[in-house]
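Chemist: Sequence and predicted structure below; questions after.
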Amino acid sequence: DGGITQSPKYLFRKEGQNVTLSCEQNLNHDAMYWYRQDPGQGLRLIYYSQIVNDFQKGDIAEGYSVSREKKESFPLTVTSAQKNPTAFYLCASSRLAGEGTDTQYFGPGTRLTVL
Amino acid sequence: AQSVTQLDSQVPVFEEAPVELRCNYSSSVSVYLFWYVQYPNQGLQLLLKYLSGSTLVKGINGFEAEFNKSQTSFHLRKPSVHISDTAEYFCAAMNNQAGTALIFGKGTTLSVSS
């Protein structure tokens, strides 16, 4: 089955620690995205990548970092510089525009809690 | 798209009643429009999308939406809801240019009771 996997499902972090959230897709999509979800605020874009070894900041990139060394993988690191990291994190992927719909498909999410 | 507004944060309805979840967008260019559903502690599932063509779009689970360019709206409707439709619904928009990201509304919580 094709899809997007995120791990872990739940993650606990102490203040001052960096943590990395995993996102893998086997849909052969070129573009991948990270969103943060907070209650009542919808989804906000953190970073996105359209091709390997390239990525762009979204609306709330401060305190986060990403890498895109492989087409299938787009890990997100939440650094100690992120002031309020407790949230639900969603990864998505899509084909690029010009190849069809550009619809984004989402993974199941990772809930990060800072203790 | 520059912004997406979901006009109701919560919509309570009784089972088998009709429902409409409202969404307005602002954009200076043509847009693609989407509705997603999210069940508790899960990712987002695509309900339907408008890219071009017919303004009435049918999606999964009996939902449909109508694109109204003059009113910049994309309201989601279902003629008869079930308890299982209880979830959070997100409207999203994207400029129809290569590689642009989705802009999401803040979500509408649909609560269906018996």
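Modeler: That came in fine, so what should we check first? Residues are numbered from 1 along each chain as shown, chains lettered A, B, ... in the order given.
Chemist: CA only for contacts and neighbour counts going forward, please
Modeler: Will do.
Chemist: Extract the residue ranges of chain B that are flagged as low pLDDT.
Modeler: Residue ranges of chain B with pLDDT under 70: B:1, B:97-99.
Chemist: now do 80
Modeler: Applying pLDDT under 80 to chain B picks out residues B:1, B:27-30, B:95-101.
Chemist: Tell me what the residue nearest the centre of it is bridged to.
Modeler: Nearest to the mean C-alpha position of chain B, by Cα atoms, centre = their mean, lies residue B:35 at 3.4 Å. Beta-bridge partners of residue B:35, counted by DSSP bridges, are residue B:48, residue B:91.
Chemist: repeat for residue B:111
Modeler: Going by DSSP bridges, residue B:111 forms beta bridges with residue B:12.
Chemist: all strands for the chain, in order.
Modeler: Chain wasn't specified; assuming chain A. Counting by DSSP state E, chain A has strands at residues A:4-7, A:10-13, A:19-25, A:31-37, A:43-51, A:54-57, A:64-66, A:76-78, A:87-94, A:105-106, A:110-114.
Chemist: That was the other one, I meant chain B.
Modeler: Under DSSP E, chain B gives strands at B:3-6, B:10-14, B:19-21, B:23-26, B:31-38, B:44-50, B:56-58, B:64-68, B:73-78, B:87-95, B:103-104, B:108-113.
Chemist: hmm, back to that, from chain A, how far off is the residue nearest to the centre of chain B?
Modeler: Between residue B:35 and chain A the distance is 11 Å, computed by Cα to the nearest Cα, to the nearest Å.
Chemist: With adjacent residues omitted, what lies nearest to the spatially most central residue of chain A?
Modeler: Of all residues in chain A, the one closest to the mean position by Cα atoms, centre = their mean is residue A:34, 2.7 Å from it. Closest residue to residue A:34 apart from its sequence neighbours, by Cα to Cα, 6 or more residues apart in numbering or on different chains: residue A:91 at 4.6 Å.
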